[in-house]
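> Sequence first, predicted model second:
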Amino acid sequence: MSNIHMNKEHHWYCPKCKGTSVSFELEPHTRFHDCPTLMLNSVPMVPLGTKANLIVNYRQDYLGKDLAVTDDHGRVVMSITIERENGFDCTVYCPTAVMDSKSFNA
Amino acid sequence: MAFTTSKVFGAFIGNKMDGTITIDLDGSDAFMFALYGNTITPNENASAANSAYNADQWVTGGEKTSGADWPAKGKQITSPDITIGTNFVMWDDNGSNLASGAAATLTDVFGGLTFDDTAAAPVADQGVCFNYLGGANSVAAGTFNVIFNTNGILRFTF
């Protein structure tokens, strides 16, 4: 007897570039894509049909030696907020903690 | 004082080098990423005991949680991995990022503590590093995703 996997089909779009995508996962998840409009990787998408607004939030503080995501203008992207009618989502881009040999915890 | 930067705990490095701790960074140990607000002042020079979850700066009073969607102790880093490259060693999550449940409400999240939820000595839940997110981040009745930088959660350069 063969096993039949009935994965649910999810349709997504990007409020910024209007790109679309399809995923097939059973668990709740967020679809990400490389957004050509924002020139950023791992930008969250929203379920097709959802009214949403995408806001890019830039770092509010000195970067120091942390390694972080930047846009094509060199601005450090802190997070992306997806505003929906009944709430909002947040995707944070966690910077790297760097330790170098020249100065303990650079 | 505030959460303003990302650092690796010196106690973690020292304890790893002298054998006090037997943390396996890309093996069987479970590592958690817990969220915090801006009322704390993380210190990379803290002792092992004070780097641990629910100790010193990392007590639960400063932690950000949202029921089962983002519980106390945070979310587990599911695919921790070590990469040894030219003039660097990197510890990352191998591309598997973190996500809350779909109905999380978290206000003013400023950073996270990564700690070992498996090893019991020299202290349980010893901190590995802390990462500053760059400012206040919030979610309301939604999903909070954490995408780790492609340069790793932490990185040694030499």
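Received the coordinates, thanks. Here the structure is a predicted model, which is why all the values come from computation and not from measurement.

> List the buried residues in stretch B:44-55.
Buried residues in stretch B:44-55, counted by 16 or more other CB atoms under 10 Å in any protein chain shown: B:44, B:46-48, B:50-55. Where C-beta positions appear, they are placed from N, C-alpha and C, glycine not excepted.

> and chain A, which of these reach it?
The overlap between the buried residues of stretch B:44-55 and the neighbours of chain A (CB under 8 Å from any CB of the partner chain) comes to residue B:44.

> Serialize the buried residues of stretch B:44-55 to TSV and add fields for secondary structure.
What follows is these, written out as TSV (DSSP: H, G, I helix; E, B strand; the rest coil):
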residue	secondary structure
B:44	coil
B:46	coil
B:47	coil
B:48	helix
B:50	helix
B:51	helix
B:52	coil
B:53	coil
B:54	coil
B:55	coil
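
> name the helices or strands packed onto whichever strand in chain B runs longest?
In chain B, taking DSSP state E as the definition, the longest strand is strand B:127-142. Where contact means 3 or more CB pairs under 8 Å, 6 or more residues apart in numbering or on different chains; DSSP states H and E, strand B:127-142 is packed against strand A:77-84, strand A:87-94, strand A:97-100, strand B:7-8, helix B:10-17, strand B:104-116.

> Out of the ones you listed, which is closest to residue B:74?
Checking these against residue B:74 by CB to CB gives strand B:104-116 as the closest, at 7.0 Å.

> Mind checking what secondary structure residue B:57 has?
Strictly by three-state DSSP, residue B:57 counts as helix.

> For the longest strand of chain B, buried residues please.
Per 16+ other CB under 10 Å, strand B:127-142 contains these buried residues: B:127-135, B:137-140, B:142.

> between the following helix or strand past it and strand B:104-116, how big is the angle?
Following strand B:127-142 in sequence order, the next helix or strand is strand B:144-148 (DSSP states H and E). Interaxial angle, strand B:144-148 versus strand B:104-116 (axes from the mean of the first three to the mean of the last three CA atoms, to 10 degrees): 30 degrees.

> Against which helices or strands is the helix or strand just after strand B:144-148 packed?
With elements assigned by DSSP H and E, the helix or strand that comes after strand B:144-148 is strand B:154-157. Counting contacts by 3+ CB pairs under 8 Å, 6+ apart, strand B:154-157 packs against strand A:97-100, strand B:88-92.

> now those strands in JSON lines, with distance to residue A:70, mean neighbour count and mean pLDDT?
Shown next, in JSON lines, are these (distance: least, CB to CB, whole Å; neighbours: other CB atoms under 10 Å in any protein chain shown; pLDDT from 0 to 100):
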{"stretch": "strand A:97-100", "distance to residue A:70": "15", "mean neighbour count": "22", "mean pLDDT": "93"}
{"stretch": "strand B:88-92", "distance to residue A:70": "18", "mean neighbour count": "19", "mean pLDDT": "95"}
